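Chemist: curious how this folds, go ahead:
(one chain, ligands or ions: 1)
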Amino acid sequence: MNKFTPVFAASLLAFGLAACDSGGSDTDNIDYNEYVQGADGKADSLFPAAPVCEFADFKDLEDSSRLDPLVDRSRTYNEKSRLRVTQARQIYLANVQLGFMDHGDDFNMVWDNTDDDEFLIHRIEIDDERYDWLQFWAGDTEIGVIYRYGTLDIVAEIGDGDFKTCESDTRQASANLDATAWVQTAAEYQANSKMTYRVATMMLDQAIEDTSWTATVDQGPNFENKPPAIILDLDETVIDNSPFQARLIADQVGYHSSRWNSWVNEANCSAVPGAVEFLRAADAKGVEIFYVSNRSSSLEEATRRNLEKLDLPINDSIDTVLLKNEEDGWGSDKTPRRERVAETHRIIMLFGDNLGDFVGGAKTGVEERNALEAANDENWGVKWFMLPNPMYGYWEGALYDHEFGVGEELKVLLKTENLNTKR
Ligand SMILES: [Mg+2]
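Modeler: Residues are numbered from 1 along each chain as shown. As a prediction, the model looks like this:
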């Protein structure tokens with residue numbers, strides 16, 4: 001049963017027509033023909049099998065009162081040379097999804113399936129989430145498919161008084177093979193992590209004894225008589241989630257919170273090389289150890305279980321595992337949690353795999369992040385200790401405005417654009 005469709009579909013349709021910009025611009029499009037002529041020239045190699053949308057029960061999108069779409073950009077496409085690769089794939093997949101063609105059919109067929117050789121792609125925003133709404137007409141039928149922004153992940157289908165949402169799972173794993181293989185197999189990774197923790201161990205006595213020593217601008221005044229503490233991030237700093245990345249690669253799927261949660265609930269992370277020895281040494285010297293992680297607070301029990309399994313020091317008498325959203329104002333920026341620790345302790349060292357584990361303002365662009373790193377030059381290897389994480393992080397998000405939902409093709413293009421060939 002379709003509870004709301006007439007009103008909703010009509011308003012969306014009207015909205016789409018009003019928002020349509022038939023002009024468009026070519027400036028950020030790539031030459032789609034390069035991709036058409038790639039591989040063996042067959043459509044199937046360009047559009048590897050992706051599971052199609054399985055329409056399920058109505059979801060949030062059905063609620064028209066919450067659906068206040070904001071169109072950022074709308075474009076009309078009537079020639080394939082103007083399409084981005086992801087857009088071409090969206091159009092192709094929509095035709096397959098809606099039964100106009102079969103998987104493996106030639107891409108050129110998609111234009112034959114429209115009544116005016118024209119596809120409209122609207123970028124819409126609903127509840128702060130961005131979507132690509134693909135719209136076209138086949139005969140008298142209005143077709144609409146809504147994708148998660150920049151992906152092949154269909155979330156809804158709209159057409160002539162009919163609206164359905166669905167759960168689909170077509171996002172592919174990121175090109176993370178080299179990075180994950182390095183973390184899991186390279187002796188060089190082991191050596192690098194041990195080296196970092198060993199340098200920290202060598203700095204401990206000086207940091208404890210010098211009461212003017214603090215590792216953070218978030219410390220505030222009058223800290224000299226407070227007991228010493230260290231703050232460590234967890235993932236890829238103290239514990240190793242590379243098997244989770246390996247599973248995404250093996251299963252050819254992308255990150256999804258349900259997959260992450262089930263991995264975390266296994267509580268089966270190993271320790272990062274060198275972390276256990278360092279933490280026991282710090283604990284033995286009376287340093288309080290705080291774990292400040294952006295794992296969701298709903299994962300605290302499993303996280304603690306994992307830390308206990310690894311026999312890592314955890315204070316039972318105060319809360320030293322401070323997770324994201326555990327308290328109001330504790331978002332992904334860790335500054336408020338550093339400030340909380342600083343109320344009672346002198347923070348002598350920080351550990352992380354992400355610039356945000358050390359200082360605010362790290363979820364920014366490449367230049368801003370590098371300037372922030374350089375501005376803190378004197379802290380590295382003395383008060384701040386960085387573990388290597390080539391698999392993910394703000395460093396990667398910086399290349400695409402931290403829009404992790406953009407498609408893999410776009411990510412690859414943006415990463416490539418950021419390479420320096422010195423030519
Ligand atoms: Mg981390």
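
Chemist: quick check: mean pLDDT of stretch 193-207?
Modeler: Stretch 193-207 comes out with an average pLDDT of 98.

Chemist: swap in stretch 103-114?
Modeler: 82.

Chemist: got the end-to-end distance for that stretch?
Modeler: Criterion Cα to Cα, to the nearest Å; first-to-last residue distance in stretch 103-114 is 18 Å.

Chemist: ok so Thr76 is a strand residue?
Modeler: Yes - in this structure, Thr76 lies within a strand as judged by DSSP: H, G, I helix; E, B strand; the rest coil.

Chemist: pop the domain breakdown of the chain in here.
Modeler: 5-167, 177-404 (automatic domain parsing).

Chemist: need those in JSON lines (columns: mean neighbour count and distance to Lys415).
Modeler: No exception for glycine: its C-beta is placed from N, CA and C like everyone else's. Output for the domains of the chain, formatted as JSON lines (neighbours: other Cβ atoms under 10 Å; distance: least, Cβ to Cβ, whole Å):
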{"stretch": "domain 5-167", "mean neighbour count": "17", "distance to Lys415": "14"}
{"stretch": "domain 177-404", "mean neighbour count": "17", "distance to Lys415": "6"}
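
Chemist: can you list the ones you listed in JSON lines and add distance to Val412?
Modeler: Shown next, in JSON lines, are those (distance: least, Cβ to Cβ, whole Å):
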{"stretch": "domain 5-167", "distance to Val412": "9"}
{"stretch": "domain 177-404", "distance to Val412": "10"}
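
Chemist: Pro90 and Tyr147 touch, don't they?
Modeler: To be clear, residue 90 is Gln; Pro isn't right here. Yes - Gln90 is in contact with Tyr147 according to Cβ atoms under 8 Å; the separation is 5.5 Å.

Chemist: who touches both of those two?
Modeler: Asp132, Leu134 (Cβ atoms under 8 Å, 6 or more residues apart in numbering).

Chemist: the closest residue to Ala281 other than its chain neighbours and the ion, how far apart?
Modeler: Spatial nearest neighbour of Ala281, excluding adjacent residues (Cβ to Cβ, 6 or more residues apart in numbering): Thr201 at 5.4 Å. Note on Thr201: its distance to the ion, by Cβ to the ion, to the nearest Å, is 20 Å.

Chemist: try Ile239
Modeler: Going from Ile239 to the ion by Cβ to the ion gives 9 Å.

Chemist: any idea what that residue is bridged to?
Modeler: With beta bridges defined as DSSP bridges, Ile239 has these partners: Asp235, Ala271.

Chemist: measure stretch 353-361 end to end?
Modeler: Taking Cα to Cα, stretch 353-361 runs 15 Å from one end to the other.

Chemist: residues in contact with it?
Modeler: Against stretch 353-361 from outside (Cβ under 8 Å, 6+ apart): 216-217, 233, 235-237, 292, 332-335, 350-352, 362-363, 368-369, 372-373, 376, 379, 384, 386-389, 393-395.

Chemist: and with 7 Å instead?
Modeler: 233, 236-237, 333-335, 350, 352, 362-363, 369, 372-373, 376, 384, 386-387, 389, 393-394 (Cβ atoms under 7 Å, 6 or more residues apart in numbering).

Chemist: same question for stretch 225-235.
Modeler: 207-208, 238, 241, 282, 287-293, 295, 303, 338, 341, 344-354, 357.

Chemist: let's see 6 Å
Modeler: 208, 238, 241, 287-293, 341, 345-352, 357 (Cβ atoms under 6 Å, 6 or more residues apart in numbering).

Chemist: same deal with stretch 110-117?
Modeler: Asn78, Ile91, Tyr92, Asn95, Phe100, Phe136, Trp137, Ala138, Gly139.

Chemist: is it true that the fourth one lies in a helix?
Modeler: Okay, so that is Asn95. Yes - using three-state DSSP, the assignment for Asn95 is a helix.

Chemist: where does this structure come near the ion, residue by residue?
Modeler: Residues of the chain lying close to the ion (Cβ under 5 Å from the ion) are Asp233, Asp235, Glu236, Asp353.

Chemist: from Pro390, how far off is the second one?
Modeler: Okay, so that is Asp235. Separation of Asp235 from Pro390 (Cβ to Cβ, to the nearest Å) stands at 14 Å.

Chemist: then Lys415?
Modeler: Distance from Lys415 to Pro390, by Cβ to Cβ: 12 Å.

Chemist: ok, now Gln135?
Modeler: Taking Cβ to Cβ, one finds Gln135 at 40 Å from Pro390.

Chemist: would you state the strands of the chain in chain order?
Modeler: 54-55, 73-77, 119-126, 129-138, 141-148, 154-159, 162-167, 228-232, 239-240, 270-271, 288-296, 321-324, 346-352, 384-386 (DSSP state E).

Chemist: got JSON lines for those strands, with mean pLDDT too?
Modeler: Below are those laid out as JSON lines (pLDDT from 0 to 100):
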{"stretch": "strand 54-55", "mean pLDDT": "49"}
{"stretch": "strand 73-77", "mean pLDDT": "79"}
{"stretch": "strand 119-126", "mean pLDDT": "82"}
{"stretch": "strand 129-138", "mean pLDDT": "83"}
{"stretch": "strand 141-148", "mean pLDDT": "82"}
{"stretch": "strand 154-159", "mean pLDDT": "76"}
{"stretch": "strand 162-167", "mean pLDDT": "65"}
{"stretch": "strand 228-232", "mean pLDDT": "98"}
{"stretch": "strand 239-240", "mean pLDDT": "98"}
{"stretch": "strand 270-271", "mean pLDDT": "98"}
{"stretch": "strand 288-296", "mean pLDDT": "97"}
{"stretch": "strand 321-324", "mean pLDDT": "96"}
{"stretch": "strand 346-352", "mean pLDDT": "98"}
{"stretch": "strand 384-386", "mean pLDDT": "98"}
